[in-house]
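Participant: using only what follows, build the 3D model:
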Amino acid sequence: MLAALIALAWFWRPLSGYATAGTSYGARIGCACRFVQGRDMSSCRADLEPGMALIVLSADEDAKSVTARFPPLARQTATWRAGEGC
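Facilitator: Numbers count the residues shown, from 1 in each chain. So this is what the prediction gives:
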């Protein structure tokens, strides 16, 4: 048990960094897919890189944003703005 806690503490920071990078990428790709290309969210999953199956995407149609989550480590949101993109 103690070894597992030490291992978790040792790897938490790198895992958190990878999770943040992955959710940032996922939110950006999902936002561009949904609000720039106008595709539905189910087809946007295909644009993510292999190995990103644990990233969960959700769109907020009113805010024109996509949030990507990698529970419980990271959550990032990309928002579409006219003339700027996501």
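Participant: and residue 55, how many neighbours?
Facilitator: In terms of burial, residue 55 registers 23 neighbours under the definition other C-beta atoms under 10 Å. In this view, the C-beta of every residue, glycine as well, is placed from N, C-alpha and C.
Participant: ok, residue 41 - contacts?
Facilitator: Taking C-beta atoms under 8 Å, 6 or more residues apart in numbering as the contact definition, residue 41 lies against 30, 33-34, 57-59, 66.
Participant: top helix in the protein by residue count?
Facilitator: For the chain, the longest helix by residue count, based on DSSP state H, is helix 2-31.
Participant: re the thing from before, check the contacts of residue 41 and tell me the two furthest apart.
Facilitator: 33 and 58 (13.0 Å; C-beta to C-beta).
Participant: which one of these two has more residues nearby?
Facilitator: Neighbour totals were compared for residue 33 and residue 58, and residue 33 leads with 23 against 13 (other C-beta under 10 Å).
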